[in-house]
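Colleague: coords please:
(one chain, ligands or ions: 1)
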Amino acid sequence: MSQEKQVFHPNREFAETARIKNMCEFENLTRFAQEDYEGFWGKFAEEKIEWSQPFTNVLDESNAPFVKWFENGKLNVSTQCVDRHLVDKKNKAAIIFEGDRGDSEIITYLQLSQNVNKFANLLKNQFNVKKGDRVVIYMPMIPEAAYAMLACARLGAIHSIVFGGFSAEALKDRVEDAEAKVVITADGAFRKSKPYMLKPVVDTALKDVTIVEKVLVVERNHEEIEWVAGRDYSYNELIKNENAHCEAEEMDSEDPLFLLYTSGSTGKPKGVQHNSAGYILWAQMTMEWVFDVKEDDTYWCTADIGWITGHTYIVYGPLAMGATTVMFEGVPTYPDAGRPWAMVEKHRINQFYTAPTAIRVLHKMGEDEPGKYDISSLKVLGTVGEPIDPPAWKWYYESVGNSKCAIVDTYWQTETGGHMISPVPGATPIKPACATFALPGIMAEILDDDGKKAAVGEKGKLCITRPWPSQIRNVWGDEDRYVSSYFGDATKDGKPVYFSGDGAVYDEDGYITITGRMDDVINVSGHRMGTAEVEAAIKKHDNVAEVAVVGKPHDLKGEGIFAYVVLKSEDTMAEEMEMAKEINGVIKVEIGNIALCDNIVFVDGLPKTRSGKVMRRILRAIAKGEEITQDTSTLEDPSVVGKIEEIVNSCIL
Ligand code: PRX
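Modeller: This is a model prediction of the structure:
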């Protein structure tokens with residue numbers, strides 16, 4: 001039997017004590033939600049959340065797709081993640097920090113509480129941060145980043161984390177769109193034992209921005225930085241003046257918790273808005289179901305807090321359930337590709353969650369490394385962000401998981417807040433590289449263009465046909481965009497439903513396999529890049545007349561970025577080499593290194609319809625070296641296709 005067809009059943013011993021022990025229990029939960037949707041969610045919301053005032057209504061969809069969950073309920077997410085654990089987990093490790101240079105620190109729930117309270121007091125007393133204010137966090141992977149998030153939550157301020165790899169220009173766009181009052185950053189941090197800097201990026205980003213009143217700087221690497229008088233303050237100094245009690249703001253279930261900008265197929269990145277109760281409920285429930293973390297377990301998610309995975313599965317989910325979460329500052333391949341396994345051994349890590357790109361890199365650079373360490377503590381392995389290919393899956397399962405750990409291939413998005421489709425480790429018979437089934441309560445369905453359930457083997461649109469508590473509530477400041485981006489492309493029974501942008505397929509056993517984006521979004525190393533965004537950056541180069549960007553399969557990154565560029569002037573080959581470098585230079589400034597093109601080819605024209613639409617499908621096929629199956633005779637100038645093929649075949653830069 002080929003590995004792809006093989007089914008891997010849960011480890012019996014593990015299943016015995018798992019929260020969901022078998023498919024019967026899983027199906028009962030699913031049925032409960034199908035038969036009594038509000039009863040299902042109401043029960044878990046009552047059970048899991050510490051309400052300061054109980055909710056009176058589970059779901060209001062009268063104004064769909066603007067929905068309200070747990071109406072009139074009051075809570076505070078930082079209380080949920082910190083205060084309530086002080087009763088019985090005061091001395092339990094909340095965060096284990098592992099620094100780039102091997103330095104570690106254990107932060108207990110009591111210490112977490114003190115740090116978060118002091119941080120919140122600092123923001124309140126010294127920066128006048130209030131409920132509803134936006135605070136941008138541009139931070140490395142250090143515990144202060146988690147304190148900052150929870151301090152905002154405590155005050156009811158809305159944080160918006162910008163990944164530390166984004167450029168000054170990208171940071172500026174996000175600060176302006178969110179109209180942030182405060183930016184929290186660090187001087188820098190460490191990578192491969194060397195200091196790197198963040199504060200200078202903030203300085204450049206804020207040069208012409210007037211809305212930001214204060215910048216708080218955590219001094220981590222203690223390198224020299226510039227301080228703008230009256231704007232920049234040292235966290236390390238100010239925090240000394242604060243006490244460890246700050247009253248938590250009472251928040252409504254639907255008060256916003258955070259914004260996180262993500263790429264779509266068109267326009268600028270969207271500020272995905274998540275609200276308080278529904279988000280934290282599902283963050284906690286999925287932690288419990290999908291990772292099955294137990295009281296004495298240590299859990300590690302390798303994401304960066306700049307992405308949704310870091311929000312939900314490093315900070316909010318683990319802390320909401322009172323788990324021990326590992327935060328890692330470094331690079332997984334430094335000092336060598338055994339680093340993650342050394343960390344598993346050192347901290348006796350039980351659940352490990354990462355992206356397929358990282359697995360591919362660790363496999364390639366250190367195939368035998370896992371065997372050099374005692375990683376027998378591992379129980380559950382997770383993947384997220386992109387499809388995992390069978391060879392990577394096999395290595396992960398056999399060499400890291402010793403053929404005994406369940407691999408949970410979790411499918412979800414920034415907009416979904418938490419996992420949507422995933423195995424649960426004690427119950428689901430796993431098929432490699434397959435997200436398997438929707439979690440109980442999540443009405444995921446693959447629909448065809450007529451809104452009917454797709455047949456077995458038929459690729460369709462992956463939709464979620466009922467609202468769920470942790471769903472995106474709005475695109476910050478743009479309700480129309482929220483509706484058109486997510487509820488404009490699929491219907492069921494004539495009603496608009498949430499369309500993820502992904503294609504998917506059912507197999508004969510009802511398993512769901514994600515086939516990838518159906519829109520113009522590229523998935524680079526598990527990070528979403530909008531083609532429009534990259535194209536807009538490239539167009540900033542003076543000599544670029546037109547550009548079209550597509551994704552191309554990449555051995556390590558999953559997908560790489562392939563750009564077709566039409567120049568204003570005709571250049572020689574040598575000049576084109578120089579131009580390619582310049583174009584990537586512009587991308588670095590406009591977005592950051594994560595959006596650099598792997599291939600840039602210079603062409604005379606792009607394949608367009610008579611109405612001027614660029615036919616990306618043709619460009620995608622050429623980039624992949626596939627045959628073009630589309631009719632090109634209706635193009636404005638059919639001859640461009642052959643010319644582009646010739647250029648691509650002869651000179652991939
Ligand atoms: O295309 C899907 C892919 O990542 C996209 C979401 O990206 P983002 O919002 O940045 O969130 C990433 C982390 C949750 C999806 O639309 N994706 C995510 N998980 C998987 C996946 N593709 C295949 N398999 C997955 N497990």
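Colleague: didn't Glu329 look like it was pressed against Met139?
Modeller: No - Glu329 lies out of contact with Met139 (Cβ atoms under 8 Å); the separation is 10.8 Å. Bear in mind the C-beta positions are built from the backbone N, C-alpha and C, glycine included.
Colleague: more crowded one of these two?
Modeller: Between Glu329 and Met139, Met139 has the larger neighbour count (other Cβ atoms under 10 Å), namely 26 against 19.
Colleague: which non-adjacent residue is nearest that one?
Modeller: Ala145 (4.0 Å; Cβ to Cβ, 6 or more residues apart in numbering).
Colleague: tell me which element that neighbour falls in.
Modeller: helix 143-155 (DSSP states H and E).
Colleague: got the buried residues for the helix or strand containing Met577?
Modeller: Assigned by DSSP H and E, Met577 belongs to helix 573-590. Buried residues in helix 573-590, counting neighbours by 16 or more other Cβ atoms under 10 Å, are found at 576, 579-580, 582-584, 586-588, 590.
Colleague: just stretch 589-596 next, same as before
Modeller: 590-592, 594-596.
Colleague: same deal with stretch 72-84?
Modeller: Those would be 73-83, for stretch 72-84 by 16+ other Cβ under 10 Å.
Colleague: Quick check: residues of the stretch 301-450 of the chain near the ligand?
Modeller: Proximity of the stretch 301-450 of the chain to the ligand (Cβ under 6 Å from any ligand atom) is limited to residues 308-309, 384-387, 409-414, 435.
Colleague: Could you give the residue of this protein that lies closest to the ligand?
Modeller: Relative to the ligand, the nearest point of the chain is Thr414 (3.4 Å; Cβ to the nearest ligand atom).
Colleague: residues in contact with that residue?
Modeller: Residues near Thr414 by Cβ atoms under 8 Å, 6 or more residues apart in numbering: 260, 262, 272, 307-308, 472, 528.
Colleague: Which pair of those residues spans the longest distance?
Modeller: Trp307 and Ile472 (15.1 Å; Cβ to Cβ).
Colleague: Quickly name whichever of the buried residues of helix 573-590 is closest to Asp60.
Modeller: Checking the buried residues of helix 573-590 one by one against Asp60 (Cβ to Cβ), the nearest turns out to be Glu590, at 40.9 Å.
Colleague: doesn't Lys540 make contact with the closest one?
Modeller: Yes - Glu590 is within contact range of Lys540, at 6.1 Å (criterion: Cβ under 8 Å).
Colleague: So which bits of this structure are right by the ligand?
Modeller: 262, 308-309, 384-387, 409-414, 435, 500-502, 514, 517, 523, 528.
Colleague: List buried residues within these.
Modeller: For the residues of the chain next to the ligand, buried by 16+ other Cβ under 10 Å: 262, 308-309, 384-387, 409-414, 435, 500-502, 514, 517, 523, 528.
Colleague: Mind checking which of those residues land in strands?
Modeller: 262, 384, 409-410, 500-502, 514, 517, 523, 528 (DSSP state E).
Colleague: show me where the stretch 151-300 of the chain has helices.
Modeller: Counting by DSSP state H, counting those that start in this stretch, the stretch 151-300 of the chain has these helices, from start to end: 168-178, 199-205, 235-238, 276-286.
Colleague: From the contact counts, what lies against the first one?
Modeller: What that stands for is helix 168-178. On a contact count with 3 or more Cβ pairs under 8 Å, 6 or more residues apart in numbering; DSSP states H and E, helix 168-178 meets strand 134-138, strand 158-161, helix 199-205, strand 256-262, strand 270-275, helix 573-590.
Colleague: Could I get the ones you listed in CSV, plus columns for mean pLDDT?
Modeller: Compiled in CSV, the helices and strands packed on helix 168-178 are given as follows (pLDDT from 0 to 100):
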stretch, mean pLDDT
strand 134-138, 98
strand 158-161, 98
helix 199-205, 98
strand 256-262, 98
strand 270-275, 98
helix 573-590, 91
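Colleague: circling back to that earlier point, farthest-apart pair in the buried residues of stretch 72-84, please.
Modeller: By the measure Cβ to Cβ, Gly73 and Val82 form the most distant pair in the buried residues of stretch 72-84, at 18.9 Å.
Colleague: How about residues contacting stretch 610-625?
Modeller: 520, 531, 548, 550-553, 562, 564, 599, 606-609, 627-630, 632, 634-636, 641, 644-645, 648.
Colleague: now the angle between helix 276-286 and the helix holding Ala145, please.
Modeller: Between helix 143-155 and helix 276-286, the angle formed by their directions is 130 degrees, by axes from the mean of the first three to the mean of the last three Cα atoms, to 10 degrees.
Colleague: Dump helix 143-155 to CSV, restricted to CA.
Modeller: The C-alpha coordinates for helix 143-155 follow below in CSV (Å, rounded to 0.1, in the frame of the first residue of the first chain):
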residue,chain,number,x,y,z
PRO,A,143,8.2,37.3,26.8
GLU,A,144,7.6,41.1,26.9
ALA,A,145,5.7,40.7,23.6
ALA,A,146,3.2,38.4,25.4
TYR,A,147,3.0,40.8,28.3
ALA,A,148,2.3,43.6,25.9
MET,A,149,-0.6,41.6,24.3
LEU,A,150,-2.2,40.7,27.6
ALA,A,151,-1.7,44.2,29.0
CYS,A,152,-3.6,45.6,26.0
ALA,A,153,-6.3,43.0,26.6
ARG,A,154,-6.4,44.0,30.3
LEU,A,155,-7.1,47.6,29.4
